[in-house]
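**Student:** Predicted model and sequence below, questions to follow.
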Amino acid sequence: MVLEGGGSTARRKLEHIEIVLGKPVEGPGTTWFEYVFLSQKALPPVEPDRVSTRMSFLGKEIAFPVMITGMTGGAPGTEEINRSLAEAACRFGIALGLGSQRAALESRELVYTYRVAREACSEVPLVGNIGISELVRYGPGVVETLASMIEADAVAVHLNYFQEVVQPEGAAGISRGLEALFKAVDVSPVPLVVKEVGFGISRELAAELYSGGVRHIDVAGAGGTNWVLVELYRAMASGDLVKRYAAEGIKDVGIPTAASILEVRSVSEDIVVIGSGGVRSPYDAVKALRLGADVVGLARPALVAYSKKQLSEFLEGFLLGMKAILASLGASTLSEVRRSPVVVTGLLKDWVSSRGLSLG
Ligand SMILES: Cc1cc2nc3c(=O)[nH]c(=O)nc-3n(C[C@H](O)[C@H](O)[C@H](O)COP(=O)(O)O)c2cc1C
């Protein structure tokens, strides 16, 4: 996939796509889903096609508790990706997030690279996106601008602290982030989703967010796409040795996704939890639901499948696999998954006990 053009924000977006598709950007740690075992029956009591996976999410009905989380837009050529993702989301009835809309705030002529998603699909929840630094810089009113730009059902604010530390462009204003988020929740015309980008959200932060009115959290835990690794490759390409050493030194940070889902869920049943970060298989997805996610999210696998022109087949196979596993648990509805037996071993078991978490 070769894309070109745009200003510096747009160019960075394109570099990210090239690196994410071309380099090993996952790990080095894992999601800890490998410590979770579900008790499936070899003789399922439910037919897979009788499993009801429909649910309401962000004011719309979706056919599966699945979301492609925010990746792109903001550079010429990325509209093709967003259009394809939106068409696939529509075909399968799953939610879609777009990448940071910062580029469109900086130059309005890039708005079409995001709007194309809503034009391609009006039925599924569409989630806008902005970074916490931009929210601090532009102020809470920017959420309304972002939502109306793409007719979004929600706007995600991403917390990408570790990425910002190691990216050449740097991080600023992060300590005013919580205050900015609370103001934005108050004035936003649509729900605000607070999302990580691959380092997870702790119980403590989730509790603070909850107390400020946030009701949607995408944990985006560690074990999947690692943005410190992505920036490490950019630092290597530009010869920035300081950022390179910093990135090598902090690439292991983050809360594994399985632990982060349990942490956030422990704060309240009232939070809509998106379980994402390294969800790579239908089995991972069902484990995420069992641990407390309402919806599971994936990003890089959808981009990889798109680049191979296999997005539809990938999603169809993924969703088929999810239904098969749900049926094998005897779960004919999504709420039944949360009550199915689960065994947690190893590091995740230690984490659960030292943090006093419950498996529900
Ligand atoms: C190419 C690419 C671009 C991304 N851009 C954004 C972005 O603009 N805003 C955001 O919140 N997350 C962004 N993400 C992070 C994803 O939404 C997701 O949180 C993260 O990649 C972990 O999920 P994964 O392991 O399934 O890839 C991006 C991910 C990819 C792969």
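**Tutor:** Everything's here; your move. Numbering: from 1, shown residues only.
**Student:** need the residues of this structure near the ligand, please.
**Tutor:** 16-17, 20, 69-72, 99-100, 129, 156, 158, 195, 197-198, 220, 224-225, 276-279, 298-300, 303 (Cβ under 6 Å from any ligand atom). Just so you know, the C-beta spots here come from the backbone N, C-alpha and C atoms, and that holds for glycine as well.
**Student:** Please pick the buried ones from the residues you listed.
**Tutor:** 16-17, 20, 69-72, 99-100, 129, 156, 158, 195, 197-198, 220, 224-225, 276-279, 298-300, 303 (16 or more other Cβ atoms under 10 Å).
**Student:** which regions of this protein lie under the pLDDT threshold?
**Tutor:** 1-7, 169-172 (pLDDT under 70).
**Student:** Most proximal residue of it with respect to the ligand?
**Tutor:** Gly224 (2.1 Å; Cβ to the nearest ligand atom).
**Student:** so how far is Tyr245 from the closest residue to that residue other than its chain neighbours?
**Tutor:** Nearest non-adjacent residue to Gly224, counting by Cβ to Cβ, 6 or more residues apart in numbering: Gly278, 2.9 Å away. Distance from Gly278 to Tyr245, counting by Cβ to Cβ, to the nearest Å: 25 Å.
**Student:** Which residue ranges of the stretch 101-250 of the chain form helices?
**Tutor:** Along the stretch 101-250 of the chain, counting by DSSP state H, counting those that start in this stretch, helices occupy 102-106, 112-120, 132-138, 142-150, 161-166, 177-187, 203-211, 227-238, 241-250.
**Student:** Which among the ones you listed is found nearest to Leu348?
**Tutor:** Set against Leu348 and scored by Cβ to Cβ, those come closest in helix 203-211, at 14.7 Å.
**Student:** in the closest one, what's buried?
**Tutor:** Arg203, Leu205, Ala206, Ala207, Leu209, Tyr210.
**Student:** Is it possible to get JSON lines of the residues you listed that adds distance to Leu43?
**Tutor:** As requested, the buried residues of helix 203-211 are exported to JSON lines (distance: Cβ to Cβ, whole Å):
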{"residue": "Arg203", "distance to Leu43": "38"}
{"residue": "Leu205", "distance to Leu43": "43"}
{"residue": "Ala206", "distance to Leu43": "39"}
{"residue": "Ala207", "distance to Leu43": "42"}
{"residue": "Leu209", "distance to Leu43": "43"}
{"residue": "Tyr210", "distance to Leu43": "42"}
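**Student:** Report the outermost residue of this structure with respect to its centre.
**Tutor:** In terms of distance from the mean C-alpha position of the chain, Leu43 ranks first, at 33.7 Å (Cα atoms, centre = their mean).
**Student:** host element of that one?
**Tutor:** Using DSSP states H and E, Leu43 falls within no helix or strand.
**Student:** Great, nothing more from me.
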